[in-house]
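>>> Next one to model:
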Amino acid sequence: MRIDYRLPSLLISSIALVSGCTMGPDFQRPALQTPAQWTETPTPSDTGHAVAVQEPVAPAWWNSFGDPLLTTLVARAMNSNLDIQAAAARVAESRAQFKQARASALPTLNGNASYTRELQSADGVVGLLESSGSSAATSTNGLGGRESGVPTQDVTSSGLPPFNLYQYGFDASWELDLWGRVRRTAENASATAEAQEEARHDVMVSTAAEVARDYLTLRSTQQKLALAKQNLAYARRTVQLTRERAKHGLTTDLDVANAESQAETTAANLPQFEQQEAQLINAIGLLLGEYPQTLAVQLREPAAIPVAPPRVPIGLPSDLLRRRPDIRESEAKLHAATASIGAAKADFFPKITLSGSVAIQATQFSNMGSWGARSYSAGPSISLPIFEGGKLRATLALRNAQQKEAAITYRKTVLSAFQEVDDALTQFGTEQQRRDSLAASVDASKRALDLANQRYSRGLTTYLDVLSAQKNVLTYEQQWVDSTATVSTDLVALYKALGGGWDVMSDSGEARLANHVLAVTSSRNAAQ
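Purely as a prediction, here's the structure:
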């Protein structure tokens, strides 16, 4: 057989053409002007307040609270949280879609094999051959020859007798990406996969913040419950004292009733705090992928509210653009939208496909290895859109509008991020001042209660002054506990606004976190 060398030449020429132009705009990262430094709330250095410093943000910021149990809970949530697992599944989906899109740029090769039993119609091709004087029955390699397994006979009105047909071969096809449609589609899929990865990081940041916030609120609730129990014990002792004084005529039954009312009012707060405690334990369990009350034994024991460290690293404003996952996600979506414009533009141009096939075909199985049973075909095909009813132009307009929307969304995401950080910094600083004022109020209310008790025991005032002083102490103590917890939760909100926490699980972060948890657990066991 004479080999036609024009086909390889055509393939080489086509490969050279593939490196041609790519339609559409290339993605450029938006250039934004960011503040040179954060706006910090002035805080005197001698107040003992936590101070924000422009140092790199620690990946595992929850370690700064110095609470091993909190560190363990966050680590468990990073590995077991169902929202994080669902986000990871979406990442796997988007990566698979990217591989699908990338595969479109490669040639396809398929193998096939078949066996058929056929009967040709006399009114079909066989009849046409007969009328033109052809004799398919006398061909030595055709469908009617003895060598093909079909008895030699003239074509009659009944057509050829039934015969067997064996064949196998390969089909190949390759779309030449002359205008970059496939490349832009793959670029879109790659950027979409990157956006999903950043969305997963954002879920990790939110999960770590939610675990820390619920844990801090739990400790605050437990401390308020302990205060309520202390005040209840004090109120009941006061009831006993008032009853003794009433027996000796030193006070009235009205004072006894007021004391009893105050004790019952204090007791009424206990179920509310106990309910909040159970709900917070369940909330933490859900974040860790556990059933309700699974963590009750571990979390029911009260502990102090973790406090903020003296120095809080917040990094530079320019770092925020690369650290916050939602900003990176929005940027990736803008990239994907930009790439889709190129794919839409490429649809206006012809699609050229190279296809070919090689096959072996025979009517006897024993002839499948013979050289005369071969067949092949090869050649290009072209498809040019001529009339689509405005569909292509509408698609391009849609992609341009989507890209514009993505650019606006990106800018809004950046501005919202800076607003969140600035608000969190302000709230973190002012809440520390409020906490100090409440601490002073607690001290003053306790002194007032001591004075009221002294005056009441001397008969210089009524029991109403004592009740009022007791209420003030309980109110200010609970407000101080709330404010102490709020300072810590404000720090959590600040770290979340800064985008901290996701990079602890990237690359070697998982091993680093696991080693840290192991070290914390070992130190706790040694302490016990």
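>>> what pairs with residue 111 across the strands?
residue 170 (DSSP bridges).
>>> check contacts around the residue nearest the centre of the chain.
Taking CA atoms, centre = their mean as the criterion, residue 200 is the residue nearest the geometric centre of the chain, at 2.1 Å. By CB atoms under 8 Å, 6 or more residues apart in numbering, residue 200 lies in contact with 84, 87, 88, 90, 91. Every residue, glycine included, has its C-beta placed from N, CA and C.
>>> now residue 434
residue 483.
>>> Save the contacts of residue 200 as a markdown table, and put in pLDDT too.
Formatted as a markdown table, the contacts of residue 200 follow (pLDDT from 0 to 100):
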| residue | pLDDT |
| --- | --- |
| 84 | 94 |
| 87 | 95 |
| 88 | 94 |
| 90 | 95 |
| 91 | 95 |
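>>> Return the members of these classed as buried.
Among the contacts of residue 200, those scoring as buried are 84, 87, 90, 91 (criterion: 16 or more other CB atoms under 10 Å).
>>> element containing the first one?
Under DSSP states H and E, the secondary-structure element containing residue 84 is helix 82-103.
>>> chain center to the helix or strand hosting the residue nearest to the centre of the chain: distance?
When elements are assigned from DSSP H and E, residue 200 belongs to helix 181-247. Centre-to-centre, helix 181-247 and its host chain are 20 Å apart (CA atoms, centre = their mean, to the nearest Å).
>>> What mean pLDDT does that helix get?
The predicted model gives helix 181-247 an average pLDDT of 92.
>>> Sort out which residues of the helix or strand just after that helix are buried, please.
Sequence-wise, the next helix or strand downstream of helix 181-247 (DSSP H and E) is helix 253-287. Within helix 253-287, the residues scored as buried using 16+ other CB under 10 Å are 255-256, 258-260, 262-263, 266, 269, 273, 276-278, 280-287.
>>> picking up where we left off before, contacts only, for the residue lying closest to the residue nearest to the centre of the chain once chain neighbours are set aside.
Excluding its sequence neighbours, the residue lying closest to residue 200 (CB to CB, 6 or more residues apart in numbering) is residue 87, at 3.9 Å. Taking CB under 8 Å, 6+ apart, we find residue 87 in contact with 196, 199, 200, 203, 204.
>>> For these, name the two members farthest from one another.
196 and 204 (13.0 Å; CB to CB).
>>> quick one: the spatially closest residue to residue 306 that is not a sequence neighbour from residue 308, how far?
Nearest-residue entry for residue 306: residue 65, 3.7 Å, with adjacent residues in sequence omitted and distances by CB to CB, 6+ apart. Distance of residue 65 to residue 308, given as CB to CB, to the nearest Å: 8 Å.
>>> which residues are common contacts for the two?
By CB under 8 Å, 6+ apart, residue 65 and residue 308 have these common neighbours: residue 488.
>>> CA-only coordinates of stretch 238-254 in CSV, if you can.
Output of stretch 238-254 as CSV, limited to C-alpha atoms (Å, rounded to 0.1, in the frame of the first residue of the first chain):
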residue,chain,number,x,y,z
THR,A,238,-30.5,37.3,104.5
VAL,A,239,-34.0,35.8,104.6
GLN,A,240,-33.0,33.7,107.7
LEU,A,241,-31.5,36.8,109.3
THR,A,242,-34.6,38.9,108.6
ARG,A,243,-36.9,36.3,110.1
GLU,A,244,-34.7,36.2,113.3
ARG,A,245,-34.9,39.9,113.5
ALA,A,246,-38.7,39.9,113.0
LYS,A,247,-39.1,37.3,115.8
HIS,A,248,-37.3,39.7,118.2
GLY,A,249,-39.3,42.7,117.0
LEU,A,250,-36.3,44.3,115.3
THR,A,251,-38.0,44.5,111.9
THR,A,252,-41.3,44.0,110.3
ASP,A,253,-43.0,41.2,108.3
LEU,A,254,-42.8,43.5,105.3
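>>> What residues of that stretch count as buried?
Quick answer for stretch 238-254 (16+ other CB under 10 Å): 238, 239, 241, 242, 245, 246, 251.
>>> Run the chain-centre distance for it.
Put simply, stretch 238-254 sits 64 Å off its chain's centre (CA atoms, centre = their mean).
>>> Could you do stretch 488-500 as well?
Chain-centre distance of stretch 488-500: 18 Å, with CA atoms, centre = their mean.
>>> got the angle for the helix holding residue 200 vs helix 253-287?
Angle, helix 181-247 to helix 253-287, by axes from the mean of the first three to the mean of the last three CA atoms, to 10 degrees: 160 degrees.
>>> Okay, angle between helix 181-247 and helix 82-103 too, please.
Going by the same axes, to 10 degrees, helix 181-247 makes 180 degrees with helix 82-103.
>>> Tell me who's in contact with the residue nearest to residue 306.
Counted by CB under 8 Å, 6+ apart, residue 65 has contacts 212, 306, 307, 308, 309, 488.
>>> in this structure, which spans are helices?
Using DSSP state H, the helices of the chain run over 6-18, 68-80, 82-103, 125-131, 181-247, 253-287, 296-299, 320-323, 325-346, 391-457, 463-497, 509-527.
>>> Dump the second one to CSV, restricted to CA.
Below are the C-alpha coordinates for helix 68-80, written out as CSV (Å, rounded to 0.1, in the frame of the first residue of the first chain):
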residue,chain,number,x,y,z
PRO,A,68,-6.0,24.2,75.9
LEU,A,69,-9.6,23.0,75.7
LEU,A,70,-10.6,25.8,73.3
THR,A,71,-7.6,24.8,71.1
THR,A,72,-8.7,21.2,71.1
LEU,A,73,-12.3,22.1,70.2
VAL,A,74,-11.2,24.2,67.2
ALA,A,75,-8.9,21.5,66.0
ARG,A,76,-11.7,19.0,66.2
ALA,A,77,-14.0,21.3,64.3
MET,A,78,-11.5,21.8,61.5
ASN,A,79,-11.5,18.1,61.0
SER,A,80,-15.1,17.1,61.7
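>>> Enumerate the positions of that helix that are buried.
In helix 68-80, counting by 16+ other CB under 10 Å, buried: 68, 69, 70, 71, 72, 73, 74, 75, 76, 77, 78.
>>> So in this protein, where's the weakest helix or strand by average pLDDT?
Scoring the helices and strands of the chain by mean pLDDT, DSSP states H and E places helix 509-527 at the bottom, with a mean of 45.
>>> what's the domain layout of this structure?
Domain segmentation of the chain under automatic domain parsing yields 69-105+180-348+389-527, 140-174+350-383.
>>> just those: most buried one?
The highest average neighbour count among the domains of the chain, using mean count of other CB atoms under 10 Å, belongs to domain 69-105+180-348+389-527 at a mean of 18.
>>> Check the gap between the residue nearest to residue 119 when sequence neighbours are not counted and residue 118 for me.
Among residues not flanking residue 119 along the chain, residue 162 sits closest, at 4.6 Å (CB to CB, 6+ apart). Applying CB to CB, the value for residue 162 to residue 118 is 7 Å.
>>> quick one on the thing from earlier: roughly how far does the residue nearest to residue 119 sit from residue 121?
When residue 162 is compared with residue 121 (using CB to CB), they lie 12 Å apart.
>>> likewise residue 335?
59 Å.
>>> same question, residue 49
Taking CB to CB, one finds residue 49 at 97 Å from residue 121.
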